[in-house]
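Participant: Test case, fold it:
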Amino acid sequence: MRTMEQIKVEIIPFEERFLQDFVGLNVEWLDHYFVVEDEDRTLMGKAKELIIDKGGEIFFARINQQIVGCVAMINREEKGFELAKMAVTPNFQGLQIGQKLLDACLDFAREKGLDRVYLESNTIMVPAINLYRKNGFKEMKEYHESPYKRSNIQMEVIL
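Facilitator: The predicted model follows:
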């Protein structure tokens, strides 16, 4: 069993050459747990235009030059920044890569001067929900309309 001490995980910002990794990682988990929805296809198909060019970021987890995880910070204008599309390939789950990706997102938010970050998820994603709660995310009292059928929980953290 690999441990974090044995594996060097780099968290790196967006580079266009990693777009297919972003798509592949997300399709992998969506196909496993849910289905790829229209909003997913749109966002993944135009990630640079809809995320990066609008002031957001996509972070990647890299081990030995292999991309093994990703997460996006999406500027949803009136709703604020959404933490979305977090995925870690199954062979590397359980190594705290999700925590490292989440840390990069929260650091990004603080650097941007944001006072909160929100996310949408599904309660069947127990490890993810636990990670969010451990990092101060709480269930939102007022929900935004979601473009995702799978979304049954919205959470936010006040920075």
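
Participant: how far away is Ile51 from Met155?
Facilitator: Noted for Ile51: a distance of 20 Å to Met155, by CB to CB, to the nearest Å. All C-beta spots, glycine's among them, are computed from the backbone N, C-alpha and C.

Participant: These two: which has the busier surroundings?
Facilitator: Between Ile51 and Met155, counted using other CB atoms under 10 Å, the more crowded position is Ile51 (23 against 19).

Participant: Where do the helices of this structure begin and end?
Facilitator: Applying DSSP state H to the chain gives helices spanning 19-33, 38-45, 47, 97-111, 126-134.

Participant: I'd like the ones you listed as CSV, with distance to Ala72, mean pLDDT and mean neighbour count appended.
Facilitator: Putting the helices of the chain into CSV (distance: least, CB to CB, whole Å; pLDDT from 0 to 100; neighbours: other CB atoms under 10 Å) gives the following:
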stretch, distance to Ala72, mean pLDDT, mean neighbour count
helix 19-33, 8, 96, 16
helix 38-45, 8, 96, 15
helix 47, 7, 97, 24
helix 97-111, 8, 97, 18
helix 126-134, 14, 97, 14
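
Participant: For Ala84, find the nearest of those.
Facilitator: helix 38-45 (7.8 Å; CB to CB).

Participant: who's in contact with that closest one?
Facilitator: Here helix 38-45 makes contact (CB atoms under 8 Å, 6 or more residues apart in numbering) with Phe22, Val23, Asn26, Val27, Leu30, Leu50, Ile51, Ile74, Ala84, Lys85, Pro147, Tyr148.
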